[in-house]
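Participant: Make a model of this:
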Amino acid sequence: MSNHVSPQSKKEEFRQYLEKSGVIEALTKVLVGLYEEPERPSNAVDYIKKYMGAPSNVDVEALKSVCQDLRLQVEELTRQNQELKKEMASSTATGTALGSG
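Facilitator: Predicted coordinates for the structure are as follows:
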C-alpha cells in the first residue's frame, strides 16, 4: 500500500490550514475593504499591503546591507572580546596588569 495523497486532499488540507490560521478571514476583510473603497486605489497590491500592516517605502536591499554590516561588526567585536578575555586570563595568571606590558 502506498502513502499517496491525492491532490484534492492536499488542497483541502491546505484550505483548512489557511482557515485555522486566520488567513482566509484576513484576506476576506482586506478584499471587502478594497471593494468598499469609494475610489479604487491605483495600486491594489499597495492598498492590500498597507491594509495588512506592511511598512511602506522600505528599502529592503538597504536593510539587508545594514544587517550584513552589523553581523560583521558583531563577529569582529566577538573576536576582540575573546582575545581580551584570553589576555586578561593570562595576565591574571602571571600577576601582571593589562596594558602594562
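
Participant: Every contact and neighbour count from this point should use C-alpha atoms.
Facilitator: Noted.

Participant: May I see the buried residues of stretch 29-39?
Facilitator: 30-31, 34 (16 or more other Cα atoms under 10 Å).

Participant: Can you list the buried residues in the longest helix along the chain?
Facilitator: Ranked by residue count under DSSP state H, the longest helix found in the chain is helix 60-94. For helix 60-94, the neighbour count (16+ other Cα under 10 Å) marks 88, 91 as buried.

Participant: Any regions of this structure where pLDDT drops low?
Facilitator: For the chain, applying pLDDT under 70 flags the ranges 1-3, 96-101.

Participant: Within the helices and strands, which one has residue 18?
Facilitator: helix 7-20 (DSSP states H and E).

Participant: could you say which helix or strand contains residue 54?
Facilitator: Under the criterion DSSP H and E, no helix or strand holds residue 54.

Participant: That one - how many residues pack around it?
Facilitator: Applying other Cα atoms under 10 Å, we find 12 residues neighbouring residue 54.

Participant: Could I get the phi/psi values of it?
Facilitator: phi -70, psi 140 (degrees, to the nearest 10).

Participant: again, but for the one 5 residues further on
Facilitator: Summarising the backbone geometry of residue 59 under the convention degrees, to the nearest 10, its torsions are phi -90, psi 100.

Participant: before we move on, what about residue 21?
Facilitator: phi -80, psi 0.

Participant: So it versus residue 90, what's the distance?
Facilitator: 56 Å (Cα to Cα, to the nearest Å).

Participant: for the helix or strand containing residue 30, the distance to its chain's centre please.
Facilitator: Taking DSSP H and E as the criterion, residue 30 maps to helix 23-36. From the chain centre to the centre of helix 23-36 is a distance of 24 Å (Cα atoms, centre = their mean, to the nearest Å).

Participant: got it, and stretch 53-67?
Facilitator: The answer for stretch 53-67 is 11 Å, by Cα atoms, centre = their mean.
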